[in-house]
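Colleague: Quick one, what's the 3D model for this:
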Amino acid sequence: MVFLAYKLVYLLKNLEGSGRSPFDYAQDRPTAPGVVRWGHRPQPRDQATNRPTDQATNRLFSGEALMKTKHLTILLVILYTTALLLYIIALTSCDLRPDKESEPLTADPILVVGHGAFIGSDGTEVTPNPEFIQQAQKYYIDTLLKAAKAGQAPNDLTDDRIEETQKLIYSLVEDEILANALFVDWLIEKAQPQNIAHLTSVNNALRWYYVLEIQPNPILPTAENEWTKGIPPEIAKELEAAGLTVFLKTNANGAEYRAECREAGVPVPEAMFTSDRNFQGIIDPEFISTSWATSVQPLS
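Modeller: The predicted structure follows:
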């Protein structure tokens, strides 16, 4: 292609420099005394000097211009044909379907989460992007649905109820990733899988990462607003009214939260960085994330 383009420019410059029209040449004349053939055209010569006459010279230049025009035409055809072939090859080698889906995952893509890091199935740290999050969510949804249909879920978790709940969530929540996370929440709650702790922590971690790091204009909890799992409060209330858990079970904190924990029979979190704890130093090397530091503060 480069050679053909270079040749085309070279011929164009030469044709331009001749100052002659490619079709400006005289008609052939019969051979006559004093006329010899020059190439394939009769070229008259001066009888005294035996040199080509002005008419012959003009004809020569015109013939050269005509040949250059033929060369240019051939080159243009070659260039056009080559470009067309390259275009066809590009079309046949690329899948232009706009909604092409990635290959579904066959194993859990996240081994563990902790300290803000996601550890993939190969043991290396993963930085989620929207495509990765959606692939992981699809894997968890498919896994939970298979478990439900295999009879591992309560009897009231029927196909009709699953379909009805799925349609409700996706009809109200516009953000697909947040809708997926809500559906995973509901499936975990209803199906009660054996790895419920892992699925719950991973689903919440992916949602928080998406809201904090990826989603534009996220809806975050404030002192006045409860955590709605990233969706508008009015949508969260409508889903709650339909039986889905969106808001936190409690908004208490401090002593009130600890009291609720004691009443519920769950471990009570103690205050951090108090005199009851002694700083024991930073753990090095880091065993979860390469960008976070971890420390241990055992009770004294």
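
Colleague: Let's see the pLDDT reported for residue 83.
Modeller: If you check residue 83, the pLDDT there is 83.

Colleague: Next, the contact list for it, please.
Modeller: For residue 83, no residue counts as a contact, taking CB atoms under 8 Å, 6 or more residues apart in numbering as the criterion. Every residue, glycine included, has its C-beta placed from N, CA and C.

Colleague: quick one: secondary structure of it?
Modeller: Following DSSP: H, G, I helix; E, B strand; the rest coil, we place residue 83 in the helix state.

Colleague: now it: how far from residue 90?
Modeller: 11 Å (CB to CB, to the nearest Å).

Colleague: again with residue 163
Modeller: With CB to CB as the criterion, residue 163 and residue 90 are 42 Å apart.

Colleague: mind listing the strands for the stretch 151-300 of the chain?
Modeller: Along the stretch 151-300 of the chain, counting by DSSP state E, counting those that start in this stretch, strands occupy 282-283, 294-295.

Colleague: worst average pLDDT in the ones you listed?
Modeller: When I compare the strands of the stretch 151-300 of the chain, strand 294-295 is least confident, with a mean of 58.

Colleague: Any stretches of the stretch 1-150 of the chain with poor pLDDT?
Modeller: Where the stretch 1-150 of the chain drops to pLDDT under 70, the residues are 1-71, 91-102.

Colleague: Isn't residue 144 up against residue 187?
Modeller: Yes: between residue 144 and residue 187 a contact is recorded at 4.0 Å, counting by CB atoms under 8 Å.

Colleague: could you pull out the helices for the stretch 151-300 of the chain?
Modeller: Using DSSP state H, counting those that start in this stretch, the helices of the stretch 151-300 of the chain run over residues 159-172, 176-191, 196-209, 233-241, 254-264.

Colleague: Figure out which of these is closest to residue 136.
Modeller: Of all the helices of the stretch 151-300 of the chain, helix 196-209 sits nearest to residue 136, with 6.4 Å by CB to CB.

Colleague: Which other helices and strands does that closest one contact?
Modeller: Helix 196-209 is packed against strand 110-114, strand 117-120, helix 130-147, helix 176-191, with contacts defined by 3 or more CB pairs under 8 Å, 6 or more residues apart in numbering; DSSP states H and E.

Colleague: could you dump these to a markdown table with distance to residue 169?
Modeller: A markdown table is the format used below for the helices and strands packed on helix 196-209 (distance: least, CB to CB, whole Å):
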| stretch | distance to residue 169 |
| --- | --- |
| strand 110-114 | 22 |
| strand 117-120 | 24 |
| helix 130-147 | 11 |
| helix 176-191 | 5 |
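
Colleague: Pick the most buried one from these.
Modeller: helix 176-191 (a mean of 21; mean count of other CB atoms under 10 Å).

Colleague: Map the structural domains onto the sequence of the protein.
Modeller: Taking automatic domain parsing as the reference, the chain has its domains at 2-93, 110-222.

Colleague: any idea how far residue 194 is from residue 143?
Modeller: 11 Å.

Colleague: Over to residue 243?
Modeller: Residue 243 is 23 Å from residue 143, by CB to CB.

Colleague: Residue 149 too?
Modeller: Counting by CB to CB - residue 149 and residue 143 are separated by 11 Å.

Colleague: Next one: the residue nearest to residue 201 when sequence neighbours are not counted relative to residue 166, how far apart?
Modeller: Leaving aside its chain neighbours, residue 201 sits nearest to residue 113 (5.8 Å; criterion: CB to CB, 6 or more residues apart in numbering). To residue 166, residue 113 is 25 Å away according to CB to CB.

Colleague: Same question for residue 205.
Modeller: Distance from residue 205 to residue 166, by CB to CB: 22 Å.

Colleague: Next, work out how far apart residue 239 and residue 218 are.
Modeller: 18 Å.

Colleague: Between the two, which has more neighbouring residues?
Modeller: residue 239 (23 against 14; other CB atoms under 10 Å).

Colleague: and the residue nearest to that one when sequence neighbours are not counted, backbone torsions?
Modeller: Leaving aside its chain neighbours, residue 239 sits nearest to residue 246 (5.2 Å; criterion: CB to CB, 6+ apart). Per-residue torsions, residue 246: phi -120, psi -50 (degrees, to the nearest 10).
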